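In: The sequence and its predicted three-dimensional model are supplied below.
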Amino acid sequence: MDTHHRRPRSCPGPVAVILSAAVLLVACSGSGESTGTRPASAAPTSASPSQGPARPSTEPTAAASTSALESPSGVPPSIGPGAEVSLDELLALLVTAPEQRSGYDRSLFRHWIDADGDGCNTRREVLIAEAVEPPIVGGGCSLTGGRWVSAYDNLVFTDSAGLDIDHVVALGEAWDSGAYAWTPERREAFANDIDVGWALIAVSATSNRSKSDKDPADWLPPSGDDLCAFLSAWIAVKVRWELTVDEGERAAMVALIPDCGDARMPVLIAIP
């Protein structure tokens with residue numbers, strides 16, 4: 001899912017874009033904490049402001065770089081699968097078209113599924129991958145302890161129940177932008193896309209519900225530190241799933257991209 005936006009301050013220097021199995025970080029300088037994947041001791045529940053890392057980081061998953069990708073029909077031959085391009089170049093790959101909301105129902109996007117049959121559904125997979133201190137993973141993929149930083153507002157959580165898993169491009173926005181014509185299977189794949197690290201992120205329930213299904217013309221992360229990460233992920237998800245943008249959405253992003261310096265993102269297209 002997805003308050004009213006404010007224009008965050010721009011980064012004073014070059015912007016680095018770093019990818020992980022479930023996360024993306026764009027920072028002005030420095031690096032964040034690395035993620036773990038299994039046991040850590042439990043900590044008291046809390047939610048307080050933090051200046052910690054927006055999102056942990058490494059490289060795209062193997063699945064993202066092989067079977068989950070193909071060259072999109074609308075991408076010039078010079079841009080191969082996985083090629084990193086500037087945000088201007090990435091945005092130029094998107095078609096401008098009016099939105100179409102008629103017929104939308106959230107239930108048309110089946111989630112959260114356990115795609116690999118390991119007992120952890122998509123929500124739990126994202127929580128495990130994004131924890132800055134790993135939780136203990138118990139039977140039925142129950143999570144105990146751990147620590148998370150909500151990139152949108154820099155709140156810290158030691159209880160995963162306080163977090164929502166945000167579709168960076170919300171389900172309603174995806175529907176408006178082309179998913180209305182998709183098969184149920186493609187909508188399910190979109191709603192559970194963990195093959196790249198920037199389609200789904202764990203954020204505070206407050207920020208997620210404030211965002212609702214708004215696009216960057218109507219909502220931006222309250223934390224200015226996350227502006228470029230959010231913008232980069234938004235455009236990359238739309239390119240990945242060959243969704244459209246409306247005129248206001250495109251204009252807002254054109255105005256924001258200069259704030260992100262030399263940020264670059266890979267062209268990773270989901271197989272239909």
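Out: Sure thing, it's come through. Values in this document were obtained by computation on a predicted structure and should not be read as measured data.
In: low-scoring stretches of the stretch 51-200 of the chain, by residue?
Out: Per-residue confidence for the stretch 51-200 of the chain (pLDDT under 70) gives these ranges: 51-78, 80-81.
In: and with 90 instead?
Out: For the stretch 51-200 of the chain, residues meeting the criterion pLDDT under 90 lie at 51-83, 101.
In: Show me the helices in it, by range?
Out: With DSSP state H, counting those that start in this stretch applied, the stretch 51-200 of the chain shows helices at 62-65, 87-92, 122-130, 171-176, 184-191, listed in chain order.
In: between those, which gets nearest to Leu231?
Out: With CB to CB, the closest approach to Leu231 among the helices of the stretch 51-200 of the chain belongs to helix 87-92: 6.9 Å. Any C-beta I mention is one placed from the backbone N, CA and C, and that applies to glycine too.
In: Show me what that closest one is packed up against.
Out: The elements that helix 87-92 packs onto, with contact taken as 3 or more CB pairs under 8 Å, 6 or more residues apart in numbering; DSSP states H and E, are helix 227-240, helix 247-256, strand 264-266.
In: packing partners for the first one?
Out: It stands for helix 227-240. Against helix 227-240 (3+ CB pairs under 8 Å, 6+ apart) you get strand 16-19, strand 24-27, helix 87-92, helix 247-256, strand 264-266.
In: run the last query once more with 6 Å
Out: Contacts of helix 227-240 with other secondary structure elements, assessed using 3 or more CB pairs under 6 Å, 6 or more residues apart in numbering; DSSP states H and E, are made with strand 24-27, helix 87-92.
In: Check whether Val132 really touches Arg147, as I assumed.
Out: Yes - under the criterion of CB atoms under 6 Å, Val132 makes contact with Arg147 at 5.3 Å.
In: Find residues that contact each of those two.
Out: Counting by CB atoms under 6 Å, 6 or more residues apart in numbering, no residue touches both Val132 and Arg147.
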